[in-house]
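Enquirer: Pasting a predicted model and its sequence here:
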Amino acid sequence: MGTRFGAEAESYDRVRPRYPAGIYEWIDAHAGGPGRVADVGAGTGIFGAGLTARGWEVTGVDPDPDLLRLHPDPAVTGTAEDLPLTDGSVDLVTVAQAWHWIDPAAASAEFLRVLGGDGAVAIVLNQLDVRVEWVLRLARIMHAGDVYRPAWRPELTGFGPVETTTVPFTTEVTVETVVELARTRSYWLRSDARIRARVEGNIREFLGEEGRLLAAAAGDHREQTGAFRLPYLSLGYLSRPRASVPSHARPSRPESPGPRPRR
């Protein structure tokens with residue numbers, strides 16, 4: 001699980017979109033909280049902050065110590081496939097904006113292990129709303145990888161039916177913040193200087209000309225300030241362990257350790 005954001009950690013925390021209230025309300029209604037939650041792939045704590053504000057007791061888990069440095073305590077270094085948490089210690093596992101880094105089968109086994117009682121897993125994805133023409137064009141230029149697939153469901157071994165929700169929202173951006181957002185995407189982080197320069201140039205050109213006109217036609221550009229209203233979808237997926245997998249029969253560790261401090 002995971003990649004290293006390194007020097008981009010502060011930028012990641014600054015420009016990554018926050019999550020709409022509706023996604024938290026949906027989790028509260030379906031997960032029976034608040035309670036204890038392991039926020040897996042927590043990063044700098046963007047998603048966990050909204051859970052904390054609603055009374056959840058959040059422990060952030062992430063493999064990247066540069067991101068965790070900006071995460072409020074408690075936070076521990078670890079992965080979805082090897083959670084540094086005790087058996088049955090949480091009521092909810094959340095994975096926000098990190099499912100694409102995870103091995104589903106190995107993570108499912110760990111989720112079953114750390115969940116107690118009638119626990120649940122909630123997976124949340126913020127993605128650009130590529131149903132909007134100018135946003136689709138921008139996503140392709142950024143190599144964002146955002147694709148609208150309403151039939152998609154996460155593969156959770158040992159879990160029951162997946163409940164879903166879609167919450168549209170917008171965030172205000174400028175050309176500069178879109179460029180900075182691109183710099184936090186996995187495609188950028190894996191690319192060399194030549195490709196990065198080309199992507200940045202293409203973003204600036206598109207938003208300065210054709211993209212600006214398309215956004216204005218959609219009501220998403222403010223001529224007076226130069227800001228864009230960038231449409232997103234927050235996609236939620238929630239599931240519980242199958243009734244045939246009671247907590248006492250779930251995977252366990254003979255002497256499962258407590259949370260390990262961040263390194």
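Expert: Thanks, I have it.
Enquirer: Where does the prediction get shaky in the stretch 1-150 of the chain?
Expert: 1-8 (pLDDT under 70).
Enquirer: hey, where'd the strands end up in it?
Expert: 36-40, 57-62, 75-77, 90-96, 115-128 (DSSP state E, counting those that start in this stretch).
Enquirer: for those strands, which one sits closest to Glu155?
Expert: strand 115-128 (10.5 Å; C-beta to C-beta). Bear in mind the C-beta positions are built from the backbone N, C-alpha and C, glycine included.
Enquirer: Mind listing what's buried along that closest one?
Expert: 115-116, 119-128 (16 or more other C-beta atoms under 10 Å).
Enquirer: Ok, stretch 217-231 next?
Expert: 220-221, 228, 230-231.
Enquirer: for that stretch, what is the average pLDDT?
Expert: Here stretch 217-231 scores 93 as its mean pLDDT.
Enquirer: which residues make contact with that stretch from outside it?
Expert: Stretch 217-231 is contacted by residues 17, 128-129, 132-135, 168-175, 178, 207, 212, 215-216 when judged by C-beta atoms under 8 Å, 6 or more residues apart in numbering.
Enquirer: The chain: helices as residue ranges?
Expert: 9-15, 21-31, 46-53, 65-68, 104-114, 133-142, 175-182, 186-190, 193-208, 210-217 (DSSP state H).
Enquirer: any idea how far the fourth one is from the chain center?
Expert: In this case it means helix 65-68. Centre-to-centre, helix 65-68 and its host chain are 15 Å apart (C-alpha atoms, centre = their mean, to the nearest Å).
Enquirer: and that helix, what does it pack onto?
Expert: In terms of contacts (3 or more C-beta pairs under 8 Å, 6 or more residues apart in numbering; DSSP states H and E), helix 65-68 is packed against helix 9-15, strand 75-77.
Enquirer: Phi and psi next, for the residue lying closest to Tyr12 once chain neighbours are set aside.
Expert: With C-beta to C-beta, 6 or more residues apart in numbering as the criterion, Tyr12 has its nearest non-adjacent residue at 4.5 Å, and that residue is Thr184. The phi and psi torsions at Thr184 (degrees, to the nearest 10) take the values phi -100, psi 0.
Enquirer: between the buried residues of strand 115-128, which is nearest Trp99?
Expert: Ile123 (5.4 Å).
Enquirer: picking up where we left off before, distance to Gly145 added to the strands of the stretch 1-150 of the chain, as a markdown table?
Expert: A markdown table is the format used below for these (distance: least, C-beta to C-beta, whole Å):
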| stretch | distance to Gly145 |
| --- | --- |
| strand 36-40 | 20 |
| strand 57-62 | 20 |
| strand 75-77 | 26 |
| strand 90-96 | 16 |
| strand 115-128 | 9 |
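Enquirer: For the residue nearest the centre of the chain, give me its contacts.
Expert: With distances taken as C-alpha atoms, centre = their mean, Gln97 lies nearest the centre of the chain, 1.7 Å away. Going by C-beta under 8 Å, 6+ apart, Gln97 touches 16, 41, 43, 47, 124-126.
Enquirer: still on that earlier bit, out of the buried residues of strand 115-128, which two sit at the greatest distance?
Expert: That would be Gly116 and Leu128, which, of the buried residues of strand 115-128, are the farthest apart (C-beta to C-beta) at 35.8 Å.
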